[in-house]
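**Student:** quick one, what's the 3D model for this:
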Amino acid sequence: MTHIYFDESGDLGFDFSKQGTSDWFSIAFLLVENKRPISKLVKNVFKLLPPSAKHRGSGILHARYEKASTIKKLLNGLATKDIKVTVMRLDKRKVFIAGNPNDLYTSIVISLINRLYADGIFDSNEQINLIASQRNTSRILNKRFSEDVLNTFGTRITVSIIKPADDKCLQATDFVSWAFWQKYANGDSTFVDLVADKILYEYEMYR
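**Tutor:** Sure thing, here's the model as predicted:
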C-alpha cells in the first residue's frame, strides 16, 4: 500500500487588493510505503532542537518556524529515504471565477491524483491511503472532502484527516510543501533542490 501525505501552501483568497493574499497556491504530495524511517527522521531532527524551540512547537516540527539549518537537515534526510514527491501548483491569477475555495482545494487534490494515475505512478488496482493534514475543525467540510475523493476514486483510496501531531510523516510533508513554496512564491529553489532526485513531477493547474 502507498501512503500519500499531503499539505498545502498559500491561501485560496482571490482578493488581491488585500495584503497577504498569495498569487500561488500549491499542494505537495509525499508518497511513502514504509512510514517508519520517515517518522524516525523527524524524531531525530526534533531531538536536536534547543529546549526553547521544543517547548514552542509542543513536540511538532513546522517548517515555517524552524531555522534554515533545521529545514535543510530534515530535507537532506528525506533525500536518503525511499520516498517520492510531486506537487500541483495553481497560479490564482489565471482563475477567473474562483468559486468555493473548499471545492477548489478538493479539485486540486483530485486532479493531482488523476495525473499520477495517468502517468502510471499507480497501478489502477493499487490501494492508496490518502492522509491529509487537518485544515480546519469543521466536521462537515472534512466529511465533504472525504466523500468527494471517495466518490471519484471508489474503494481504491481511503482517506484520513488527522493532526500533524498524530503522524510525523505529515510534519515531514509540511517541510516539502514549504520548500516548494519558497520556489514558487519567492523564487528560491535552494530547499526544494535538496530533494530534487525524489521529485516525480511538478504540475500546474489550468496550464
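**Student:** pretty sure Leu31 sits in a strand.
**Tutor:** Yes: checked against DSSP: H, G, I helix; E, B strand; the rest coil, Leu31 lies within a strand.
**Student:** list the residues that contact it.
**Tutor:** Thr2, His3, Ile4, Ile83, Lys84, Val85, Thr86, Ile121, Leu200 (CB atoms under 8 Å, 6 or more residues apart in numbering). Where C-beta positions appear, they are placed from N, C-alpha and C, glycine not excepted.
**Student:** switch to 6 Å and redo it
**Tutor:** For Leu31, the contact set (CB atoms under 6 Å, 6 or more residues apart in numbering) comprises Thr2, Ile4, Lys84.
**Student:** highest neighbour count among the residues you listed?
**Tutor:** Greatest neighbour count in the contacts of Leu31, by other CB atoms under 10 Å, goes to Ile4: 23 neighbours.
**Student:** tell me which other helices or strands the host helix or strand of it touches.
**Tutor:** Using DSSP states H and E, Ile4 sits in strand 2-10. On a contact count with 3 or more CB pairs under 6 Å, 6 or more residues apart in numbering; DSSP states H and E, strand 2-10 meets strand 24-32, strand 128-133, helix 168-186.
**Student:** if we can go back for a sec, which one of the contacts of Leu31 is nearest to Gln19?
**Tutor:** Ile4 (33.7 Å; CB to CB).
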